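Chemist: Output the structure for:
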Amino acid sequence: MEKPEDLFVGFDIGSDSIHYSVLNSNKNIVYSPKPIPHLADPVQALKQAWKNITTKFNLEDIKNTAFTGSGSESFPEIMPGVTQEYDSVTIPKGAKIIEPDTEYIFHMGAKDAYFFSLANINGMSIITEARPSSKCGGGSGTLIAKQCNRLLESEVSQEEIFTKAEEMARNSENPSKFLARCGIVIQSDLIHKQNE
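Modeler: Numbering: from 1, shown residues only. As a prediction, the model looks like this:
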């Protein structure tokens with residue numbers, strides 16, 4: 001009889017969605033479904049994500065559960081045995097699992113954006129540069145989602161909206177005229193232009 005596989009679950013509590021994945025002991029991703037939008041109720045979305053996982057996998061095979069993201073610092077206190085880590089640690093580690101030769105990472109969250117530069121030194125992956133967004137530059141991901149929703153039909157899924165936006169950006173021959181760093185200023189300019 002084959003030994004059950006050891007599994008490790010990770011949750012990222014994002015500003016607008018819960019992202020979650022299951023890895024095996026070889027660091028292979030065995031389950032990574034679409035994020036669940038939490039609509040300002042992350043606990044309900046976490047419950048749904050956990051139900052999805054435990055429907056697919058045996059609970060006794062899960063050896064560790066880890067959290068990152070908004071409010072995750074308190075999870076080990078209320079759920080002894082779980083792990084908590086900061087985005088600035090998990091983003092580079094996760095990128096290296098997916099693509100071991102990663103040198104640069106641009107992460108655009110709904111609220112925060114990060115840039116990392118990585119190097120292999122003495123066989124270890126080291127962060128040589130890390131820059132988070134400023135408060136004014138935050139919200140880039142949410143800004144993009146809001147503007148895509150304004151421009152496209154409401155029946156279209158978020159994934160279809162982003163795919164169409166990527167295609168339009170790729171085919172565009174003119175650079176954006178909206179170059180302010182502040183998300184609030186850009187949003188105001190975009191809405192004004194759309195209303196025109």
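
Chemist: which residues of the chain fall in helices?
Modeler: Taking DSSP state H to define them, one finds helices in the chain at 42-56, 75-78, 87-98, 140-151, 158-171, 183-195.

Chemist: Would you single out the least confident of these?
Modeler: Lowest mean pLDDT of the helices of the chain: helix 140-151, a mean of 70.

Chemist: Could you dump the helices of the chain into a markdown table and include mean neighbour count?
Modeler: Glycine gets a C-beta too; all of them are placed from N, C-alpha and C. Shown next, in a markdown table, are the helices of the chain (neighbours: other C-beta atoms under 10 Å):
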| stretch | mean neighbour count |
| --- | --- |
| helix 42-56 | 15 |
| helix 75-78 | 12 |
| helix 87-98 | 16 |
| helix 140-151 | 16 |
| helix 158-171 | 12 |
| helix 183-195 | 14 |
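
Chemist: any chance of those helices in a markdown table, plus distance to S117?
Modeler: Putting the helices of the chain into a markdown table (distance: least, C-beta to C-beta, whole Å) gives the following:
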| stretch | distance to S117 |
| --- | --- |
| helix 42-56 | 31 |
| helix 75-78 | 30 |
| helix 87-98 | 10 |
| helix 140-151 | 19 |
| helix 158-171 | 24 |
| helix 183-195 | 24 |
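
Chemist: quick one: which of these is nearest A113?
Modeler: helix 140-151 (5.3 Å; C-beta to C-beta).

Chemist: show me what contacts H38?
Modeler: Counting by C-beta atoms under 8 Å, 6 or more residues apart in numbering, H38 touches 16-18, 44-46.

Chemist: Can you tell me which of those comes closest to G69?
Modeler: Closest approach between the contacts of H38 and G69, by C-beta to C-beta: I18, at 8.5 Å.

Chemist: Nearest residue to the closest one in space, please, no chain neighbours.
Modeler: Spatial nearest neighbour of I18, chain neighbours left out: A45 (4.2 Å); criterion: C-beta to C-beta, 6 or more residues apart in numbering.

Chemist: Test my guess that that neighbour contacts S17.
Modeler: Yes. Applying C-beta atoms under 8 Å as the test, A45 and S17 come out as touching, 7.4 Å apart.
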